[in-house]
Every structure is written in C-alpha cells, then in structure tokens.
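Peer 1: for reference, the sequence and a predicted model appear below.
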Amino acid sequence: MSKIIAVTSGKGGTGKSTVCAGLGYTLAKQGHRTLLIELDFGLRCLDIMFGIENEIKYDLGDVLNNRKSALEAVANVPMASNLSLLCAPKTLTSVTAEQIVDICRSVKKYFEYIIIDTGAGINSHVFEIVQQANLILVVSTPDPVCIRDASLMSDEFYNRGNKSQRLIINKISKKVIGEALVSNLDEIIDKVGVQLIGVIPDDFKTTVATGKGTPIPTDSSALKAFDAISKRLGGEFVPLTVKTS
C-alpha cells in the first residue's frame, strides 16, 4: 500500500514546492518508487525544478478532462530513476477532492509514496483534498505571518479530524533564529501546535539547483535535511540536522 502525503502551507512563499521536490528526490534516491502530484493550477514549477520542462507531454488537466489516464500523464524524472511527476495544468482547472482521491487510487499500486503538492492558503479547496492523506506536512518559515497562518490551517485540519500532522520549518538561518524573528525553533513549534518532523536550512545551493533544474549537490545542507525527513517518513530514527536550542 502506498503512503499518501499532503504537503501544504497557510500562505505562499514558504517553499512548499521545494520541500515536495526535495522529499520526492531523496525518497527516490533511497530506492522508494515515488510520485509527486502537483496541484498549483496555473502556477506549476516542479517540471522546471527537475529540468524536464520541455519533456512534459501531458499534465493533470489531461487526466481531469479524460484525455489521458493518470499513469499515461505521469512523466519520469531522469535525475532520480524512482521518481515520477504528474504536473499541474498551466491554466486554471476546476478539480474536486473526489477526483484527486480517484487519481491516487488508480496509481497507488505502482508507487510506495504519493506526495501531493497542494495549493497554499486556508481558503482554498486544500482541506477537502487532504482528507484521504495518511499524513499532512505543514510547511512554515520563521516569519510571524507564516507561523500564524500555519497555526490556523493546522487548527482547521484538527477540527476536521485530521490528526496525523507534522511540521516542517523551512528557510532557517542563524540570522532569523535568536536575533531577528524568533528566539528559537521551540517558539515556532509551540505557536503552530504541531509535532516537528524536520528543519530545513536556507541553502543557496538548493536554490540554484532547483532554479536550473539540476540535481541538488550532495554537500547541500538542505539536501541532508530532506534526506533525514524522508527517512523519518519511513519510520527510521534520525536526529534533527539543526538543533532546536
């Protein structure tokens, strides 16, 4: 049985898609057959991050309009042989939670992990879409606005019965922790109210790699964090790469 993971955030700009790309990449490199489903309609970016922008023949829009099956619309990612991508359509397209659930059901026997890159925002259809996910990863940065929005979104998930949530704190640097925005990571965890699964440093090497569509360098601090989180998703005990003190 595949594990369905929904990655979401309360607002745009948290690096949610980069988190999806990093987790998908490291899970695939660990030998897990992984599918990324992108739901940022009209704003897709994962094809660029993986350097396959010109290789995409079909996307989620073709599936929703019954022109292709989900498996036919999936594109393989050359930089990670176990990784596949179902891109969001370039134009806005209506979608229901039931359609996303049906797509997951149709392909789940082919993949160990299905990662859903949801649209950002607490007023979107994201709440209905993640209902069937086995795990919700809430992404926040140290920015107070992002922290508040992540808290509001998490509370709504809990109110709807989605208890399986974990927090990823993204874009961490020494400048924002203890000096500028928050005193420590525990402050963020307490305000969001979700158990931490990983901390990702603000890493220029990852920014360049995802912008150019090239593999993340092995010495990237963010890649090490993605690798650790991916192992935790599989039940391994891996210490945090960034301390909370």
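Peer 2: Everything's here; your move.
Peer 1: list the residues that contact Ile52.
Peer 2: Contacts for Ile52 (CB atoms under 8 Å, 6 or more residues apart in numbering) come out as 75, 77-78, 85, 213. (C-beta placed from N, C-alpha, C; glycine too.)
Peer 1: same question, Asn170
Peer 2: By CB under 8 Å, 6+ apart, the residues touching Asn170 are 14-15, 18-19, 139-141, 200.
Peer 1: now do Phe237: how many residues are near it, please.
Peer 2: Residues near Phe237, counting by other CB atoms under 10 Å, number 6.
Peer 1: and it, helix, strand or coil?
Peer 2: Three-state assignment for Phe237 (DSSP: H, G, I helix; E, B strand; the rest coil): coil.
Peer 1: next helix or strand past the lowest-mean-pLDDT helix or strand in the chain?
Peer 2: In the chain, no helix or strand scores lower on mean pLDDT, DSSP states H and E than helix 126-129, which sits at a mean of 75. Downstream of helix 126-129, the next assigned helix or strand under DSSP states H and E is strand 135-140.
Peer 1: centre of the chain to that next one, how far?
Peer 2: 8 Å (CA atoms, centre = their mean, to the nearest Å).
Peer 1: kindly report the same for stretch 35-54.
Peer 2: 12 Å.
Peer 1: alpha carbons of the longest helix anywhere in the chain, in PDB - could you do that?
Peer 2: Longest helix in the chain by number of residues (criterion: DSSP state H): helix 144-159. The C-alpha coordinates for helix 144-159 follow below in PDB (Å, rounded to 0.1, in the frame of the first residue of the first chain):
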ATOM      1  CA  PRO A 144       5.400  35.500  12.000                       C
ATOM      2  CA  VAL A 145       2.800  35.700   9.300                       C
ATOM      3  CA  CYS A 146       3.600  32.200   8.000                       C
ATOM      4  CA  ILE A 147       3.600  30.900  11.600                       C
ATOM      5  CA  ARG A 148       0.200  32.300  12.300                       C
ATOM      6  CA  ASP A 149      -1.300  31.000   9.000                       C
ATOM      7  CA  ALA A 150       0.300  27.600   9.600                       C
ATOM      8  CA  SER A 151      -1.400  27.500  13.100                       C
ATOM      9  CA  LEU A 152      -4.800  28.500  11.600                       C
ATOM     10  CA  MET A 153      -4.500  25.800   8.900                       C
ATOM     11  CA  SER A 154      -3.400  23.100  11.400                       C
ATOM     12  CA  ASP A 155      -6.300  24.000  13.700                       C
ATOM     13  CA  GLU A 156      -8.700  23.600  10.900                       C
ATOM     14  CA  PHE A 157      -7.300  20.200  10.000                       C
ATOM     15  CA  TYR A 158      -7.600  19.100  13.600                       C
ATOM     16  CA  ASN A 159     -11.200  20.400  13.700                       C
END
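Peer 1: understood, closing this out.
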